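>>> pasting a predicted model and its sequence here:
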Amino acid sequence: MSWDSEYDIVCIGSGVGGLSAALTGAEQGASVLVVDKFHLVGGVTALSSGQLWPGPTHVSEAAGIDDQASSAQAYIDHLSQGFADPELRRSYLADCRGAIQYFTDTIGLELQVVRDLPDYYYPAVKGSAPQGRFLEIKPFPARKLLGAEWAGKILTSPYGDGYSYATGAEFVAMQVKGSEHVGACLQRHVEADERCCGAGLAAAQVYAALQRGVKIQTSTEVVELVVEDGRVTGVRAIVRDSSSSSTSSSSSSSSSSTQRIRARRGVLLATGGYDLRPDLVRSFDGLIDAGNMTLPTITGDHLTLAATVGAIAYPAHPAALTAIFVGYQIPGEVVYGKATWRLHLPGAPHSIVVNARGHRFANDSFYPDVSAKAGRYDGQEQGLVNWPAWLVFDQDFVDKYNLLPAYPGQPLPAGISVNADTLEGLAAVTGIDADGLAATVQRFNGFCETGVDEDFGRASLPWGTILTGDYRLPHPGFAAIARPPFYAVQLQRVTVGVPTAGLPINRDASVLTATGHVVPGLYAAGNAALYNDWGAGYNSGVANMRGMLYGHKAALHMLQDKNAAG
């Protein structure tokens, strides 16, 4: 068979999964190609918080964090709720510890603990910890180390500099300790092009990959896996001129070409989820008309490619257990050629989330609880009893906090809200039950005096309060809804790349067929891989950590596989 180019390893996707495999392979002396359908590098990782959740590691221990693997294991065991593969669930922590050690000590990534940020479910769930399990990249001087050209090829968030130029540690320190305002940190990092969060992680990995001779090729869509004698040995890809097609993988270009690329040791699928495939989101996530904050290239390519070699997607758990964000769409807002949405973490003072009855239905300072209960299906009424839902707030909320991209005190983004001078009037324009809304606001305002939510435990989980509360107040999660005008934003479900379904893998990240057999030469990492290590549960930082872990494991196995080509 003739090939246009040959490498030991081909990674499809340039997020943390693809780049971690590339770094591991190249460090071991392999020739590596990373391809991405998008015209910029970094994938959904670059749009994320960049957090990693590996449990206890040498990084947390060096920071003086007192934690035990047995405690972290109890946490994972509880969250899995019986849906995880026992071997992967039990091996996750040890394998993550080894991967973090490798990427800091061998590759040179500079990671830090996000101090004072607790696990999602602390203290409600056994084994949860008050801090120490979240890691993130230290601010990375992209332009200084990469140069202007390569720095310009790596994704930063199109939703505002705050997503790419301030660390989680800086935000948490401001909230919990009253340290330097994150705005000052943001300005300093922007001026120096010191990238943080997912953008920083992506830039640091790209820098390390280029140092090791990894080739990174964008605007390249893999459309076929090449199979010889039952083994995946390469890919067929369409390469487009990024200057003529930068917004969509489906755009036609007269300068496109087809290449057959050999992968002597293996092919890694690290293409992310399937957010831009409404049929898959509906089938696997149980969501109709969901919005998303991902890239236009996140179209489930891993699923269509793997299906040709006998591997099919499985849900990791019932769709209702997937923690999907809520948010809103600003009419006319377009990012990378597609309509986009804004996620919103509810819980700020002067605001609540209510259903059509006007009732609160969840701990509305903790998005996983809002997500789970928004999806509650009533067997008798045959419908979603808490959906649609609205964010209800007053003028104090607008003046003090507001909704992105508006700053406090600015007018709300046009077209996302309705308002009225009274709660009764607000109910009339939204269709929310007026009596229910009035009673709910009155009861919530009473909780604001004591700081105790007797109905749903608002502000009882520190993670949510740190992310959404106002620590200048006596009760950071509470302030009354009292100052007119009153506003309502009808919420929408918003996906960010973390899917319900994925490709089943084993501990080596090898893709498994529908009959449980390994597909020789094919691997998956990150959101392309089934969450059969965590099962039902999720915690921020798990998605990126699974990318790093299984990308690393895949490359190691490829280079040890005696059946691969030499």
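In hand now; what should we look at?
>>> low-confidence stretches in this protein?
Per-residue confidence for the chain (pLDDT under 70) gives these ranges: 242-254, 566.
>>> how is it partitioned into domains?
Following automatic domain parsing, one gets these domains for the chain: 49-147+158-195, 325-495.
>>> indicate which one of those is closest to residue 282.
Closest approach to residue 282 among the domains of the chain (CB to CB): domain 325-495, 11.3 Å. From N, CA and C alone the C-beta is placed, and that goes for glycine too.
>>> centre of the chain versus that closest one, how much separation?
22 Å (CA atoms, centre = their mean, to the nearest Å).
>>> again, but for stretch 299-307
The answer for stretch 299-307 is 19 Å, by CA atoms, centre = their mean.
>>> please apply the same query to stretch 29-40.
Put simply, stretch 29-40 sits 21 Å off its chain's centre (CA atoms, centre = their mean).
>>> distance between the ends of it?
Separation of the first and last residues of stretch 29-40 by CA to CA, to the nearest Å is 26 Å.
>>> show me the strands in the stretch 201-350 of the chain, by range?
Using DSSP state E, counting those that start in this stretch, the strands assigned to the stretch 201-350 of the chain run over residues 215-217, 220-228, 231-239, 257-269, 291-292, 314-315, 325-328, 334-335, 338-339, 342-344.
>>> quick check: residue 17 vs residue 370, distance?
According to CB to CB, to the nearest Å, residue 17 stands 28 Å off from residue 370.
>>> what does residue 533 give?
Separation of residue 533 from residue 370 (CB to CB) stands at 25 Å.
>>> same deal with residue 413?
21 Å.
>>> of those two, which one has the most company?
Per other CB atoms under 10 Å, whichever of residue 413 and residue 370 has more neighbours is residue 370, with 28 against 19.
>>> right, and the domains of the chain - which one's nearest residue 270?
For these, the distance to residue 270 is smallest for domain 49-147+158-195, at 14.7 Å, taking CB to CB.
>>> got the end-to-end distance for that closest one?
11 Å.
>>> likewise stretch 285-302?
Stretch 285-302: ends 17 Å apart by CA to CA.
>>> so how far is that stretch from its chain's centroid?
Using CA atoms, centre = their mean, the offset of stretch 285-302 from its chain centre is 12 Å.
>>> pull out the buried residues from that stretch.
For stretch 285-302, the neighbour count (16 or more other CB atoms under 10 Å) marks 285-287, 290-302 as buried.
>>> mind listing what the residue nearest to residue 416 when sequence neighbours are not counted touches?
Nearest non-adjacent residue to residue 416, counting by CB to CB, 6 or more residues apart in numbering: residue 328, 5.0 Å away. The contact partners of residue 328, by CB atoms under 8 Å, 6 or more residues apart in numbering, come to 341-342, 344, 391, 403, 416, 489-492.
>>> now residue 455
360, 443, 447.
>>> just checking, next helix/strand downstream of the helix or strand where the second one lies?
Counting by DSSP states H and E, the element that carries residue 443 is helix 434-450. Heading C-terminal from helix 434-450, the first helix or strand you meet, by DSSP H and E, is helix 462-468.
>>> can you tell me what sits against that following helix?
Residues external to helix 462-468 that are found in contact with it (CB under 8 Å, 6+ apart): 116-123, 130, 172, 175-176, 345-348, 363, 365-367, 459, 476-477.
>>> out of the residues you listed, which are buried?
For these, buried by 16+ other CB under 10 Å: 116-122, 172, 175-176, 346-348, 363, 365-367, 459, 476-477.
>>> helix, strand or coil for the residue nearest to residue 231 when sequence neighbours are not counted?
Leaving out its chain neighbours, the residue that sits closest to residue 231 by CB to CB, 6+ apart is residue 520, at 4.1 Å. Under the three-state scheme (DSSP: H, G, I helix; E, B strand; the rest coil), residue 520 adopts strand.
>>> surely residue 513 is in contact with residue 311?
Yes - Residue 513 lies in contact with residue 311 (CB atoms under 8 Å); the separation is 5.2 Å.
>>> restricting to C-alpha, output stretch 413-426 in PDB.
Extracted in PDB, the C-alpha atoms of stretch 413-426 (Å, rounded to 0.1, in the frame of the first residue of the first chain):
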ATOM      1  CA  PRO A 413     -27.200  41.700  26.900                       C
ATOM      2  CA  ALA A 414     -29.900  42.500  24.400                       C
ATOM      3  CA  GLY A 415     -32.600  40.000  23.800                       C
ATOM      4  CA  ILE A 416     -32.000  37.500  26.600                       C
ATOM      5  CA  SER A 417     -34.400  38.700  29.300                       C
ATOM      6  CA  VAL A 418     -37.800  40.200  30.100                       C
ATOM      7  CA  ASN A 419     -38.500  42.500  33.000                       C
ATOM      8  CA  ALA A 420     -41.300  44.100  34.900                       C
ATOM      9  CA  ASP A 421     -41.800  46.500  37.800                       C
ATOM     10  CA  THR A 422     -43.500  43.900  39.900                       C
ATOM     11  CA  LEU A 423     -43.200  40.100  40.300                       C
ATOM     12  CA  GLU A 424     -46.800  39.800  39.200                       C
ATOM     13  CA  GLY A 425     -45.900  41.600  36.000                       C
ATOM     14  CA  LEU A 426     -42.900  39.400  35.500                       C
END
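>>> which parts of that stretch are buried?
By 16+ other CB under 10 Å, the buried positions in stretch 413-426 come out as 413, 416-420, 423, 425-426.
>>> the residues you listed: which two are farthest apart?
Spanning the widest gap among those are 413 and 423, at 22.3 Å by CB to CB.
>>> which strands and helices sit next to the lengthiest helix in the chain?
In the chain, with assignment by DSSP state H, the single longest helix is helix 542-560. Judged by 3 or more CB pairs under 8 Å, 6 or more residues apart in numbering; DSSP states H and E, helix 542-560 is in contact with strand 5-12, helix 16-27, helix 86-101, strand 257-269, strand 518-524.
>>> go again using 7 Å as the cut-off
Here helix 542-560 touches helix 16-27, helix 86-101, strand 257-269, going by 3 or more CB pairs under 7 Å, 6 or more residues apart in numbering; DSSP states H and E.
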